[in-house]
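K.L.:
how would this look folded up:
(one chain, ligands or ions: 2)
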Amino acid sequence: MSSVVHLLEPAPSPAADLAPPRLEGLEDLVRQVLVRARPGTGAWAVKTWLGPPQRPAAVAPAWAARVASALPDPEAAFCTDTLSITTAPLDTVAGHQDVAAAKGYGPGGPAPEFKVADDPDLGPAPAVDGIDLAAGTAGAAGLAVLTPFRPHPHAGFLGAITSLGLGLVDRAAKLELHLGIRPQVDTPLCAGCGSCLAVCLWDAIVLKAGRAMIDHEQCTGCGECMNACFMAGVAPEETAGIPRFQERVAEAAVVARRGTVAGTRPAVFLNFLVRRDRSSGGPARKRTPCGDLGVLVGNDPVAVDRAAWDLVVERCGGSLEAWSGFRQQPDALLERAEALGLGSSEHRLVRHTG
Ligand code: SF4
Ligand code: SF4
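P.N.:
Ligands and ions are numbered 1, 2, ... in the order given. This next block holds a predicted model:
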């Protein structure tokens, strides 16, 4: 069955305007999508992504606020994210809250209250079908999943499915999903710059004779070194089980989509392909620069991801690899998600101008 995906394209702005686009009409599109989902009231979780501490929030708090205002019970809605396995201080609750406040997600900011979804103080992670969900979102009445669509070293892209499967599970579950991924340094490509060492949260990389080496006893497979390497000199082993990783993320996404709420909970998915994602993710020397493509909105995460994939291929270099700089294709992710009934790659794109 074909799903409807809305594309809200930003109105043209002067080249020198560095502010995030306004995206006029975002709220109306969210309402339009939600009418089809027949939502009830209750506290909705607005899943956002903060991104690295030194950059603007990957999803602008103003966008999160506007999405929240279109939810059935805006006063009860809360913004949320989970603990990082790649980036300090986003790997601790206190650090995460500090970064959130610095990026405009704190008190006095435009967005609803922010909480770390897998904060241990919120209670034990509920296990559903073998997946430990983040306690803070597992019982939410509905989900608004806001994703900065960007390259991902293991999945090709970070989109709605990975936001569910990696972004709404407990940190320990996130680490478990990465088991089996073994990055390797392509020694002839390595310039010995040390960028990968600097970002590795797990002290798994050393420089020997001017080249990086990975200690697989320490490595969690998080992939941050691949984002950092300007030479694209770190990549997963060919036998690294990337397809199995993608399938497991899709399986976790199905569980996170459902949560612990009886029956199906309503949800809306937004993939942002706008200015803020230009500088984040992907080995920089390998990527094709891409402008503000807009935001994709729908209630089918598979369709929203497939639409985003098609859009970057059409507008950003002719292939996913040209856009991302990573050779991984997300076929196993989307195929497993479809097979499990999370959604459909078939979609009809409806264009709007914001
Ligand atoms: S970031 Fe890349 S080029 Fe630099 S040391 Fe690491 S593997 Fe080598
Ligand atoms: S070496 Fe392993 S743990 Fe360190 S950044 Fe790379 S993938 Fe992550």
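
K.L.:
for the protein, what helix or strand is lowest in average pLDDT?
P.N.:
strand 234-236 (a mean of 71; mean pLDDT, DSSP states H and E).

K.L.:
Tell me who's in contact with whichever residue of the stretch 1-150 of the chain sits closest to ligand 1.
P.N.:
Scanning the stretch 1-150 of the chain for the residue nearest ligand 1 gives Thr86, at 14.6 Å (criterion: C-beta to the nearest ligand atom). C-betas here are computed from N, CA, C, even on glycine. Contacts of Thr86 were listed using C-beta atoms under 8 Å, 6 or more residues apart in numbering, and they are 199, 201, 222-224.

K.L.:
PyMOL command for the buried members of these?
P.N.:
A single PyMOL command selects the buried members of the contacts of Thr86 (16 or more other C-beta atoms under 10 Å):
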select buried, resi 199+222+223+224
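
K.L.:
my read: Asp305 touches Ile161, true?
P.N.:
Yes - applying C-beta atoms under 8 Å as the test, Asp305 and Ile161 come out as touching, 5.5 Å apart.

K.L.:
Quickly list what's touching both of these two.
P.N.:
Shared contacts of Asp305 and Ile161, defined by C-beta under 8 Å, 6+ apart, are found at 333-334.

K.L.:
which stretches of the stretch 1-150 of the chain have low pLDDT?
P.N.:
Scanning the stretch 1-150 of the chain with the threshold set as pLDDT under 70 gives 14-18, 36-40.

K.L.:
hey, where'd the helices end up in it?
P.N.:
Secondary structure of the stretch 1-150 of the chain (DSSP state H, counting those that start in this stretch): helices located at 26-37, 61-69, 93-100, 135-138.

K.L.:
who wins for proximity to ligand 2 among the ones you listed?
P.N.:
Across the helices of the stretch 1-150 of the chain, closest to ligand 2 is helix 93-100 (C-beta to the nearest ligand atom), at 17.9 Å.

K.L.:
For that closest one, C-alpha coordinates in PDB please.
P.N.:
What follows is helix 93-100 as a C-alpha-only set of coordinates in PDB (Å, rounded to 0.1, in the frame of the first residue of the first chain):
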ATOM      1  CA  VAL A  93      22.300  12.700  32.200                       C
ATOM      2  CA  ALA A  94      23.800  15.900  33.700                       C
ATOM      3  CA  GLY A  95      25.900  16.500  30.600                       C
ATOM      4  CA  HIS A  96      23.000  15.900  28.300                       C
ATOM      5  CA  GLN A  97      20.800  18.400  30.200                       C
ATOM      6  CA  ASP A  98      23.500  21.000  30.100                       C
ATOM      7  CA  VAL A  99      24.000  20.700  26.400                       C
ATOM      8  CA  ALA A 100      20.200  20.800  25.900                       C
END
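
K.L.:
Show me what it is packed against.
P.N.:
With contacts defined as 3 or more C-beta pairs under 8 Å, 6 or more residues apart in numbering; DSSP states H and E, the packing partners of helix 93-100 are strand 114-116.

K.L.:
ok, the strand it packs on: who's next to it in the sheet?
P.N.:
strand 78-81 (parallel) (DSSP bridges).

K.L.:
circling back: from the contacts of Thr86, pick out the ones that also neighbour ligand 2.
P.N.:
222-224 (C-beta under 6 Å from any ligand atom).

K.L.:
which SS class is Gly221?
P.N.:
Here Gly221 is recorded as coil under DSSP: H, G, I helix; E, B strand; the rest coil.

K.L.:
just checking, it touches Leu177?
P.N.:
No - contact criterion C-beta under 8 Å: Gly221 and Leu177 do not qualify, at 9.0 Å.

K.L.:
got the residues of this protein near ligand 1?
P.N.:
Within reach of ligand 1 by C-beta under 6 Å from any ligand atom, the chain has these residues: 185, 190-196, 212, 228-229, 231, 233-234.

K.L.:
what about 8 Å?
P.N.:
Neighbours of ligand 1 within the chain, by C-beta under 8 Å from any ligand atom: 185-186, 189-197, 205, 207, 211-212, 225, 228-234.

K.L.:
Where does Cys225 sit: helix, strand or coil?
P.N.:
helix.

K.L.:
For it, give me its contacts.
P.N.:
Counting by C-beta under 8 Å, 6+ apart, Cys225 touches 183, 196, 199-200, 205, 212, 214, 234.

K.L.:
Tell me how far it lies from Ala204.
P.N.:
Note on Cys225: its distance to Ala204, by C-beta to C-beta, to the nearest Å, is 8 Å.

K.L.:
Look up the residues that both of those two are in contact with.
P.N.:
In contact with both Cys225 and Ala204: Ile214, using C-beta under 8 Å, 6+ apart.

K.L.:
Can you read off the backbone torsions of the residue of the stretch 1-150 of the chain closest to ligand 1?
P.N.:
phi -120, psi -20 (degrees, to the nearest 10).

K.L.:
ditto for Gln328
P.N.:
According to degrees, to the nearest 10, Gln328 has phi -70, psi 140.

K.L.:
Sweet, I'm off.
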